[in-house]
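> Sequence and computational prediction follow.
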Number of protein chains: 2
Amino acid sequence: MEKIIEQHSKFIEIKNGSVGSPKGFITGGQNIGMRRSKPDMGWIYSQVPAAAAGVYTTNLFQAAPLKVTKESLAEENSLQAILVNTVSANSCTGEEGMANAFTTRKWIADHLGLPEHLVGVASTGVIGLQLPMDKMEKGINRISLQGADAPFEEAILTTDTHSKHLAVQFEIDGKTVTIGGACKGSGMIRPNMATMLGFVTTDAAVDSEDLHAALKSVTDRTFNRITVDGDTSTNDMVLVLANGMAGNTKLTSEHPEWGTFLAGLKAVCQGLAKFIAGDGEGATKLIEVRVTGAKNEHSADAISKSIVGSSLVKTAIFGSDANWGRVVCAMGYSGESFDPDKVTLDIGGITLFASGIPVAFSEEEAKAYLDQDSIVIHADMGEGSGEAVAWGCDLTYNYVKINASYRS
Amino acid sequence: MEKIIEQHSKFIEIKNGSVGSPKGFITGGQNIGMRRSKPDMGWIYSQVPAAAAGVYTTNLFQAAPLKVTKESLAEENSLQAILVNTVSANSCTGEEGMANAFTTRKWIADHLGLPEHLVGVASTGVIGLQLPMDKMEKGINRISLQGADAPFEEAILTTDTHSKHLAVQFEIDGKTVTIGGACKGSGMIRPNMATMLGFVTTDAAVDSEDLHAALKSVTDRTFNRITVDGDTSTNDMVLVLANGMAGNTKLTSEHPEWGTFLAGLKAVCQGLAKFIAGDGEGATKLIEVRVTGAKNEHSADAISKSIVGSSLVKTAIFGSDANWGRVVCAMGYSGESFDPDKVTLDIGGITLFASGIPVAFSEEEAKAYLDQDSIVIHADMGEGSGEAVAWGCDLTYNYVKINASYRS
């Protein structure tokens, strides 16, 4: 059963931590002229080849860079460098787009002196726009491992309002292990990946097969539990690199400290996921939906996502309106069966609905709570021990504004 | 296979037609003091008992009036009167709400001199609010079949900006048959019913079992193909009443003119469905999504709904932005499998995407088209003969405004 509130007792959070925090990772960003002045290209480099794993969008249209990165990983489940560009998503770009993604990978490999299959590429931006290959080539040739114009985590942003990164540290086999992460949101976010790119680095030595299983399991409970607008993009990808430079005995699922590593990975991914949800396009509030007492985790997962994805719930939270009927309604169309008469619902600890009927509450107290910038909705199903947490944001005028004119 | 554009060659549309147009139906509305001055209660009365059928929300939380109406229909599949109130949805109101719905039904039956099981009740408004029984009782006792303060179709509205009604006429067995309809939207609309109430009346004589099958089939292709915000309400219901006063031989699915009746029913339901989509909360544009060439109708249905339900597509249309990538993206996460390289996409006849890659088009021409208030998006899958049409609306600042403060 999933812990409702992540326990961090074993971890130290590194101040201003990111993908560059673990040993042996060099990261950076620069402007290659796709955006006016903001950095628009970022990279991650590991001093040694790292065990690597990825999870990808479920959208039938998968962007070219995802296909190329998958091919790289298929070779020996290792990566040593990742390049990220913004502005063009290189998605729905046909054979030309595929050729461009391969060419980009080759340029990085040549520039850094690596075999091509140790390079991953990721793109985010407008669908259908080809990569500006002249700018890409010049940009790649300017990459220096000695220093960069901008931090990686800033160079990968699109409509995000701030960069999203963190890192935690803990001991394994008496060695200090660090896990860092950086990501970008923020529209086209919904369970089963999103217009999000997530990058996790660690200096732990980890078996690549177990690393993949860990990433999949953690993603299902973190990145796949966030919703901004219900659209699943063509470019979503989370990559994890483990370069082993911490010097621990290689971690596998049999290792006594495997649980610690898994918890660390989850803490990083959950933190990044919450950053994305809270910085959803136009968002003013982070919404956390906790479902407990469900028949099982699957059911809790579906109900929590249904609530956090409801446009009517999202607008009510924006308006600080304790309109619990919309929450209950979203539970009812989640597709899960449950007994309505056993449901209890509270918002910020204020009970609004119990045993199938409304509970009298102070509208003023509820409004004061809902005026805050982080809102917790808790539904207990009264049926079992299944639990899940999902995250989202309110739906605001600015969401409409941002998306009515994204291309212009 | 479904016709993409409804053929009306056999029908005459009645000017200003509604549920009161078919023979023997008396309808009306009044203000019972739940809203300041607008009418808030409506009724439909048939001079003779009518064969009747209903389809209901799939939400697990079904409102009390739906349960009561189902009980009425279970008796002999007939109704003679329907009462609709707004403001309180009488949903999530526990035993008290159920008792109130039954009491309301009894009051109408007593007032009109009918057996209780010939009365249906429907409610729309805020979830969790009990019916104001004193106002309901006084209101019901004021109902007169000699005349009403307001039209039925106005008395059932909530956030709708205008009333929605129409009627068609055609010949069956040399007798003139009329089908009329009225409905209300407009938030919480999505496939598989919505916060919508739909009422269809006809003076045709129709077998009640075949009437039910016809309503179900037509609803799946009309009311269940509209989306405003993806929320499925607890109160949605479509009821059809056929009182036989046209004097035709009773229609069954074996009757040579069954197809004509079915087409008439579909024309009415499709017209009402489009009214709801076009008057979605805050909407400025009606969006029609046509999917052709799909593997089968089921696949076309899923893809059309996925496109019309995408918040990113909806905001792009609001902004008159031909952001076809979002349309393609929504097709890709519809859950249907297809070959991306066979897809052709056009908006208002302007091809934007073909054979898996973007097609050059004039942005000015596309913007001029998208500035209109009725937009057609057409995707051809190039795989088979499955077709479907779905309707929705753009996502605007006003949607957020309306829903951030609905209760206050």
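Okay, I see it. Residues are numbered from 1 along each chain as shown, chains lettered A, B, ... in the order given.
> secondary structure class for the residue nearest to residue A:323 when sequence neighbours are not counted?
When the adjacent residues along the chain are set aside, residue A:323 lies closest to residue A:316, with 4.1 Å between them (C-beta to C-beta, 6 or more residues apart in numbering or on different chains). All C-beta spots, glycine's among them, are computed from the backbone N, C-alpha and C. Following DSSP: H, G, I helix; E, B strand; the rest coil, residue A:316 is assigned to helix.
> what about residue A:316, how many residues close to it?
For residue A:316, the neighbour count with other C-beta atoms under 10 Å in any protein chain shown is 25.
> Contact partners for it?
Residues near residue A:316 by C-beta atoms under 8 Å, 6 or more residues apart in numbering or on different chains: A:322-323, A:326, B:403-404, B:406.
> my guess is residue A:76 contacts residue A:117, does it?
Yes. Between residue A:76 and residue A:117 a contact is recorded at 7.0 Å, counting by C-beta atoms under 8 Å.
> Looking at the two, which is more packed in?
Taking other C-beta under 10 Å, residue A:76 and residue A:117 do not tie; residue A:117 has more neighbours (17 against 14).
> what helix or strand does the residue found closest to the more buried one once you drop the neighbours it is linked to in the chain sit in?
Closest residue in space to residue A:117, ignoring its immediate chain neighbours: residue A:75 at 3.7 Å, by C-beta to C-beta, 6+ apart. Assigned by DSSP states H and E, residue A:75 belongs to helix A:64-76.
> Give me every residue in the stretch 51-200 of chain A lying close to chain B.
Applying C-beta under 8 Å from any C-beta of the partner chain, we find that the stretch 51-200 of chain A lies next to chain B at A:58-61, A:89, A:91-94, A:96, A:126-128, A:187-188, A:192.
> tell me the helices in chain A, going along the chain?
A:64-76, A:94-112, A:133-142, A:152-155, A:208-221, A:258-278, A:297-308, A:311-318, A:324-332, A:363-370, A:397-404 (DSSP state H).
> for the fourth one, packing partners?
Contact here means 3 or more C-beta pairs under 8 Å, 6 or more residues apart in numbering or on different chains; DSSP states H and E; on that basis helix A:152-155 packs against strand A:25-30, strand A:41-56.
> Now tabulate the ones you listed in JSON lines and tack on mean neighbour count and mean pLDDT.
Below are those laid out as JSON lines (neighbours: other C-beta atoms under 10 Å in any protein chain shown; pLDDT from 0 to 100):
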{"stretch": "strand A:25-30", "mean neighbour count": "22", "mean pLDDT": "98"}
{"stretch": "strand A:41-56", "mean neighbour count": "23", "mean pLDDT": "97"}
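> between these, which gets nearest to residue A:208?
strand A:41-56 (3.9 Å; C-beta to C-beta).
> Please name the strands paired to that closest one in the sheet, noting orientation.
Strand A:41-56 sits in its sheet next to strand A:25-30 (antiparallel), strand A:78-85 (antiparallel), strand A:237-242 (antiparallel), going by DSSP bridges.
> Can I get it in PDB, CA atoms only?
Output of strand A:41-56 as PDB, limited to C-alpha atoms (Å, rounded to 0.1, in the frame of the first residue of the first chain):
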ATOM      1  CA  MET A  41      18.700  23.800 -25.500                       C
ATOM      2  CA  GLY A  42      20.000  21.700 -22.600                       C
ATOM      3  CA  TRP A  43      22.200  18.700 -22.000                       C
ATOM      4  CA  ILE A  44      23.200  16.100 -19.500                       C
ATOM      5  CA  TYR A  45      26.600  14.400 -19.700                       C
ATOM      6  CA  SER A  46      27.900  11.600 -17.500                       C
ATOM      7  CA  GLN A  47      31.600  11.100 -17.100                       C
ATOM      8  CA  VAL A  48      31.100   7.300 -17.600                       C
ATOM      9  CA  PRO A  49      28.400   5.400 -19.400                       C
ATOM     10  CA  ALA A  50      25.300   5.100 -17.100                       C
ATOM     11  CA  ALA A  51      22.700   2.300 -16.800                       C
ATOM     12  CA  ALA A  52      19.600   3.900 -18.200                       C
ATOM     13  CA  ALA A  53      15.900   3.400 -18.600                       C
ATOM     14  CA  GLY A  54      13.000   5.300 -20.000                       C
ATOM     15  CA  VAL A  55       9.200   5.400 -20.000                       C
ATOM     16  CA  TYR A  56       7.300   7.000 -22.800                       C
END
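> Now the stretch 51-200 of chain A against chain B: closest residue?
residue A:127 (2.7 Å; C-beta to the nearest C-beta).
> residues in contact with residue A:377?
Contacts of residue A:377 (C-beta under 8 Å, 6+ apart): A:287-290, A:307, A:313, A:327, A:345-347.
> please redo it, this time with the cut-off set to 10 Å
A:287-291, A:304, A:307-308, A:313, A:317, A:324, A:327, A:345-348, A:352, A:390, A:392 (C-beta atoms under 10 Å, 6 or more residues apart in numbering or on different chains).
> ok, now residue A:41?
A:28-35, A:83-87, A:135-136, A:139-140, A:142-143, A:148-150, A:152, A:155-156.
> Below-threshold pLDDT in chain A: ranges please.
Within chain A, the set of residues satisfying pLDDT under 70 comprises A:1-9, A:186-194, A:229-232, A:405-408.
> got the domain boundaries for it?
The record assigns chain A these domain ranges, following automatic domain parsing: A:12-278, A:286-404.
> Pipe the ones you listed into TSV and attach distance to residue B:21 per row.
Compiled in TSV, those are given as follows (distance: least, C-beta to C-beta, whole Å):
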stretch	distance to residue B:21
domain A:12-278	40
domain A:286-404	34
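> Nearest to residue B:381 among those would be which one?
When those are compared (using C-beta to C-beta), the closest one is domain A:12-278, at 11.5 Å.
> Quick one: end-to-end length of that closest one, please.
23 Å (C-alpha to C-alpha, to the nearest Å).
> ditto for stretch A:217-235
Start-to-end, stretch A:217-235 (C-alpha to C-alpha) is 20 Å.
> I'd say residue A:401 and residue B:395 touch.
No. In this structure, residue A:401 is not within contact of residue B:395 by C-beta atoms under 10 Å, at 11.2 Å.
> Those two: who's more crowded?
Shown here are residue A:401 and residue B:395; by other C-beta under 10 Å, residue B:395 has more neighbours (32 against 16).
> Next up, the contacts around the more buried one.
So residue B:395 contacts A:229, A:311, A:395, A:399-400, A:403-404, B:228-229, B:280-284, B:310-319 (C-beta under 10 Å, 6+ apart).
> Now for residue A:366, how many residues are close by?
Residue A:366 - counted by other C-beta under 10 Å - has 19 other residues nearby.
> what do you get for residue A:309?
Neighbour tally, residue A:309, other C-beta under 10 Å: 23.
> repeat for residue A:211
Neighbour tally, residue A:211, other C-beta under 10 Å: 26.
> so how far is chain B from it?
27 Å (C-beta to the nearest C-beta, to the nearest Å).
> What residue, apart from its backbone neighbours, is nearest that residue spatially?
residue A:53 (4.8 Å).
> hang on, isn't residue A:21 packed against residue A:180?
Yes. In this structure, residue A:21 is within contact of residue A:180 by C-beta under 10 Å, at 4.0 Å.
> between the two, what contacts are shared?
The contact lists of residue A:21 and residue A:180 share A:14, A:27, A:165-169, A:201-203, where a contact means C-beta under 10 Å, 6+ apart.
> Point out the ones among the residues you listed that are inside strands.
With strands defined by DSSP state E, the entries of the shared contacts of residue A:21 and residue A:180 inside them are A:27, A:165-169, A:201-202.
> what's the closest non-adjacent residue to residue A:290?
In this structure, residue A:290 finds its nearest non-sequential neighbour in residue A:378, 4.6 Å apart by C-beta to C-beta, 6+ apart.
> who's in contact with that neighbour?
By C-beta under 10 Å, 6+ apart, the contact list for residue A:378 reads A:4, A:288-292, A:344-349, A:351, A:389.
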